[in-house]
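In: requesting a structural model of the entry that follows:
(chains A and B)
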2 protein chains.
Amino acid sequence: MKAPLFERITVIGLGLIGSSILRRVMQDKTLAHFVIGSDNNPAVCERVEALKIADEVYLDPVQAVANSDCVILCMPVGVMGEVAKKIIPAMKSGAILIDTGSTKESVIEAIQPYLRDDISFVPCHPMAGTEFSGPDAGFASLFENRWCLLTPCKSTTEDALEKITYFWQKMGAQTRNLPIKHHDKVCAIVSHLPHLLAFTICNTADHLADETRSEVLDYAASGFRDFTRIAASDPTMWRDVFLNNREAILEMLARFIEDTQAMARAIRWGDEDYIVNSIKNGRAIRQSLIDNKQVQ
Amino acid sequence: MKAPLFERITVIGLGLIGSSILRRVMQDKTLAHFVIGSDNNPAVCERVEALKIADEVYLDPVQAVANSDCVILCMPVGVMGEVAKKIIPAMKSGAILIDTGSTKESVIEAIQPYLRDDISFVPCHPMAGTEFSGPDAGFASLFENRWCLLTPCKSTTEDALEKITYFWQKMGAQTRNLPIKHHDKVCAIVSHLPHLLAFTICNTADHLADETRSEVLDYAASGFRDFTRIAASDPTMWRDVFLNNREAILEMLARFIEDTQAMARAIRWGDEDYIVNSIKNGRAIRQSLIDNKQVQ
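Out: Now for the predicted structure:
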């Protein structure tokens, strides 16, 4: 029998992403012989033990990484540096460290100071998620047919990049390498800004006069419903994303507000051509997504 | 056998909404003996004939309304006045006219000047739709478990209101009566503004540098995907909604932009509490929708 990709894998942070990785790795013995989970919340550790989706579970991340060949960080991006600082001194020589954060420049900056020469770091962003969180929300097929973007940095070795690319492909994902800053800009518009707008419109509705607000809840048409689906995502994770991709998000938001003001002006002055062109462009983008098989 | 609610029903405008009404009425012989469709697009008329979802189809709406007991307007709200002007003189004495537009004050203002004393007008807004349009997009269960809001006006008789309430309930909808202006304000936030934002973010993405734009399409995460689903709706219909609910939409948009700017400021200055509270509020609204059974 061929040796697995890694002898021991440790996943730290066992929410939606981390627990989905555990589930998949436990099913596929070509990826690891031994699977370790760790979370700073004792209730989450207990739940993961009960779910039997790891061979061992530790509250202490330092214990969890000992002797592991691959350590995967799945906590909110704002605490990745802090966790890296704790675990890196305890990691095995030659091991690979990867993260799964939605922002890449900030995560690399946070982790880089603690890296050792004998550890390779591969920054990863699996573009998968649902509006649910916690270890019960995960499932083994979460990454199937989704993108996993890799943004190699100066601490990424060729060999580690190749292994981790193969790892994500075995998780069912399509992989691509992207420059770090470019990744953050693209994600600001495709993911971070839509989430910011979804949270905001829920707040705008919430601030309406009581009478209107109760009816907003009653009559939420499909438009608002779709927005609230996005808005149901995890608060800490998204707070960290917003704060850690600040520049790109503020730039995209400024462009978006300009475009929104232009639309408001067109509505105020009855500029039918502008309105229809904007709507048609929206449809064209949708069509491109269908052609790219990003939507059913 | 009990007489049906109406002897003859005419549906004018055979897109998603109109063709769905036809399909449902054709299935339920307690609603009408004879079902007539009309559309100003010959290709649509031909398609409706081929689909056999009406007993008769006319290109000319004046011919289509003759002898009908109930006439249902299903075209974009911007042309309802024009169609009403044409058909009302040809309508049978005692007949009921209803519309299905997403804005109510503008539609009532557009139709009122042409009304006759012997015709009752019941303004209706079935809150149902998909991102598809045209006669092939309709289906008989479109209105099931959805709201249909009625906004009685000075030309609405008690008797007509009762019949039309029953009609929508037989279509599967829940009905409620709302004051006209109040309806327009609630719909501005729950439906019109979300659509406006969805169209706009697609445009913002489309205006990015070519390199980024192609990747936006490649990596559209779930956030952006949900937005584009909304943005795939019919351009003429939405242009008319925006122009015909101008005041309420501009008011809600102004509030929303204030809230967005406050969020941008919180991100720029790292105000974690503000960000987390906004996200938590969004989740709370989502939870209320689930409690109200507006989402699965």
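
In: make it CA atoms for all contacts and neighbour counts henceforth
Out: Noted.

In: so where do the strands sit in the stretch 51-200 of chain A?
Out: Per DSSP state E, counting those that start in this stretch, the stretch 51-200 of chain A has strands spanning A:56-58, A:70-73, A:96-99, A:120-126, A:147-150, A:174-177. These are given in chain order.

In: of all those strands, which lies closest to chain B?
Out: strand A:147-150 (6.9 Å; CA to the nearest CA).

In: now for that closest one, which elements pack on it?
Out: strand A:120-126, strand A:174-177 (3 or more CA pairs under 8 Å, 6 or more residues apart in numbering or on different chains; DSSP states H and E).

In: ok now it, how far from the chain's centre?
Out: 10 Å (CA atoms, centre = their mean, to the nearest Å).

In: with stretch A:159-176 instead?
Out: 16 Å.

In: spell out whether that stretch and chain B are in contact.
Out: No: if you take CA under 8 Å from any CA of the partner chain as the test, stretch A:159-176 misses chain B, and the best it gets is 10.2 Å.

In: tell me the mean pLDDT over that stretch?
Out: Taken as a whole, stretch A:159-176 has a mean pLDDT of 97.

In: do stretch A:11-26 as well
Out: Rounded mean pLDDT across stretch A:11-26 is 97.

In: check the gap between residue A:34 and residue A:10 for me.
Out: Here residue A:34 is placed at a distance of 9 Å from residue A:10 (CA to CA, to the nearest Å).

In: before we move on, what about residue A:204?
Out: Relative to residue A:10, and taking CA to CA, residue A:204 is found at 42 Å.

In: same check on residue A:276?
Out: 52 Å.

In: just to revisit the earlier point, so which of the helices and strands packed on strand A:147-150 is the most packed in?
Out: Mean neighbours per residue, mean count of other CA atoms under 10 Å in any protein chain shown, is largest over the helices and strands packed on strand A:147-150 for strand A:120-126, with a mean of 25.

In: sheet-wise, list the partners of it with their directions.
Out: Strand A:120-126 pairs in its sheet with strand A:96-99 (parallel), strand A:147-150 (antiparallel), by DSSP bridges.

In: redo those strands as a markdown table? Include mean neighbour count and mean pLDDT.
Out: Shown next, in a markdown table, are the strands paired with strand A:120-126 (neighbours: other CA atoms under 10 Å in any protein chain shown; pLDDT from 0 to 100):
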| stretch | mean neighbour count | mean pLDDT |
| --- | --- | --- |
| strand A:96-99 | 25 | 98 |
| strand A:147-150 | 25 | 94 |
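
In: which residue would be the closest one in the stretch 1-150 of chain A to chain B?
Out: Closest point on the stretch 1-150 of chain A to chain B, by CA to the nearest CA, is residue A:127, at 6.2 Å.

In: surely that residue is in contact with residue A:147?
Out: Yes: between residue A:127 and residue A:147 there is a contact under CA atoms under 8 Å: 5.4 Å.

In: shared neighbours of the two, anything?
Out: residue B:219 (CA atoms under 8 Å, 6 or more residues apart in numbering or on different chains).

In: now do residue A:280 against residue A:111, distance only.
Out: 44 Å.

In: so after the biggest helix by length in chain A, what's the next helix or strand?
Out: Longest helix of chain A, by residue count under DSSP state H: helix A:246-269. On the C-terminal side of helix A:246-269, the nearest following helix or strand under DSSP states H and E is helix A:272-291.

In: buried sites along that following helix?
Out: Using 16 or more other CA atoms under 10 Å in any protein chain shown as the test for burial, helix A:272-291 gives A:272, A:274-276, A:278-287, A:289.

In: who does that helix touch, helix- and strand-wise?
Out: helix A:246-269, helix B:193-206, helix B:210-219, helix B:222-231, helix B:235-244.

In: same thing but at 6 Å, please
Out: When contacts are defined as 3 or more CA pairs under 6 Å, 6 or more residues apart in numbering or on different chains; DSSP states H and E, helix A:272-291 packs onto helix B:193-206, helix B:222-231.

In: what's the least confident stretch among these?
Out: Lowest mean pLDDT within the helices and strands packed on helix A:272-291: helix B:222-231, at a mean of 68.

In: for chain A, which helix or strand comes out least confident on mean pLDDT?
Out: The helix or strand of chain A with the lowest confidence, counting by mean pLDDT, DSSP states H and E, is helix A:222-231 at a mean of 68.

In: bridged to residue A:12, which residues?
Out: residue A:38, residue A:73.

In: list the contacts of it.
Out: With contact set as CA atoms under 6 Å, 6 or more residues apart in numbering or on different chains, residue A:12 has these partners: A:37-39, A:73-74.

In: repeat that with 8 Å
Out: A:18, A:37-39, A:61, A:71-75.

In: kindly report the same for residue A:73.
Out: A:11-13, A:18, A:80, A:97-100.
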